[in-house]
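1. Prediction below, plus the sequence it came from.
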Amino acid sequence: MKERRIFSYFKPYQWEESSEAIAKKYGLEAHSIIRFDTNTSPFTPKKWLEELSSLIKDIKVNHYPDTTYISLKRALAEYNECEVEEIVVTNGADEALDIIAKSYIDCEDSVVISSPTYGMFRIVVELLGGRIIEVNRLEDFEDDFDSLLEKEAKLFFLCSPNNPTGNSCRYEGVLKLLEKGKRIVIDEAYYEFSLKSFKELIKDYENLIIVRTLSKAFALAGARVGYILANKKIVEHLNKVRPPNSLSVISLALAEIALKNADTMRESVKEIIEEREICYSELKNIKNIEPYKSEANFILFKILNGKAKYIHEKLMERGLVLRNFEHNNLLSNFLRFTVNLRENNKKFLNTLRYLIL
């Protein structure tokens, strides 16, 4: 069977190796592997899982979920202080991006991204035959809004805070794009760590779509629950593309429990932010390391002596897994570190100090 022509040049998303595969490769125990590469929460929401366990016997897993997801949408509307009709529930943020792309992009349409940024933007566009236009970020990784304003495209994908650089989009820059009629998608997967959002603009701008998730701050990456915030007219259009049953009834129930207990999430986020600032200060004091300020739950840093690949490999040998960007021309000497628990962070920082000497 012949595959599509696109696969002669298409570059797939770089999946993270499993802990089991890494352990086998380096002769380690899988339980000893510490993941600093996935930008997930180090906290397991045990109380939420306990509450779910008390409900589990009554969850109708023999039936499909309500295709409107109305119960979860009500909880999301309360959390986001918006209307139910301004929400689309999705299977994680990646399905949200896929739905948006399928709703607007035809073959050969152009889509602008602010590079470097989240890799799935390119994936969902190119799989539909769309064409990516990259606008390189400024030296400090701020979006180059002057260059963005000059571009013409079907969609503009932005990320705030941006993955992997950790900085947020400037409000006035986004506003200028909206005023010029650019159709903008802003990935706010890490919103809870910055509390900077463009949500209040969705009522006034039909050319703005916001993507969020419960994977990061809410510590539900494995449950796969995301959502879209947008003007009612956009939501109506996106629902023509949304699959009817892509979330499980168990994930939906767990998501509602999490939203009902959002204060628990906020406490965890506060701890992660405090630890992030400690780690940033310590990274600044390590020779040949240049960390970048972050408003997310991770820190991007540069290896000034060009040994990023070597450092990444040596950390892996010790079961410390960071994200390496050696295949990205804009980030070839950079590593990204997800903030973890203090004990794990200290282990990483001490090992890095030893390796960098």
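-> On my side now, so go ahead.
2. right, and E206 touches K232 too?
-> No. Contact criterion C-beta atoms under 8 Å: E206 and K232 do not qualify, at 9.1 Å. All C-beta spots, glycine's among them, are computed from the backbone N, C-alpha and C.
3. which residues of the stretch 1-150 of the chain fall in helices?
-> 19-26, 46-55, 70-80, 92-104, 120-126, 145-150 (DSSP state H, counting those that start in this stretch).
4. Just name the most buried of those helices.
-> helix 92-104 (a mean of 22; mean count of other C-beta atoms under 10 Å).
5. measure the residue nearest the centre of the chain to D140 for me?
-> In the chain, the residue lying closest to the centroid (C-alpha atoms, centre = their mean) is A189, at 4.6 Å. Separation of A189 from D140 (C-beta to C-beta, to the nearest Å) stands at 21 Å.
6. And for E152?
-> As judged by C-beta to C-beta, E152 and D140 stand 26 Å apart.
7. and E142, what are its phi and psi?
-> Main-chain dihedrals, E142, degrees, to the nearest 10: phi -70, psi 150.
8. and it, what does it touch?
-> Counting by C-beta atoms under 8 Å, 6 or more residues apart in numbering, E142 touches 167, 170.
9. likewise K47?
-> Residues in contact with K47, defined by C-beta under 8 Å, 6+ apart, are 261, 264.
10. List the contacts of N340.
-> 34-36, 42, 275, 348.
11. Over to Y69?
-> 89, 247, 252.
12. now with 10 Å?
-> Residues near Y69 by C-beta atoms under 10 Å, 6 or more residues apart in numbering: 75-76, 84, 87-90, 225, 227, 242, 244-247, 252, 255.
13. Also V89?
-> 65, 68-70, 72-73, 76, 95-96, 225-228, 242, 246-247, 252, 255.
14. repeat for P45
-> For P45, the contact set (C-beta under 10 Å, 6+ apart) comprises 51-52, 218-220, 223, 254, 257-258, 261, 264-265, 268.
15. try 7 Å this time
-> Neighbouring residues of P45 by C-beta atoms under 7 Å, 6 or more residues apart in numbering: 219, 258.
16. From E267, how far out is it?
-> Counting by C-beta to C-beta - P45 and E267 are separated by 11 Å.
17. now the end-to-end length of stretch 58-68.
-> This stretch, stretch 58-68, spans 20 Å end to end (C-alpha to C-alpha, to the nearest Å).
18. and that stretch, how far out from the chain's middle?
-> 28 Å (C-alpha atoms, centre = their mean, to the nearest Å).
19. For burial, what's the neighbour tally of the closest residue to L220 other than its chain neighbours?
-> Closest residue to L220 apart from its sequence neighbours, by C-beta to C-beta, 6 or more residues apart in numbering: L214 at 4.4 Å. Around L214 there are 27 other residues, counting by other C-beta atoms under 10 Å.
20. Kindly report the same for K176.
-> The burial count assigned to K176 is 15, neighbours taken as other C-beta under 10 Å.
21. Many thanks, have a good one.
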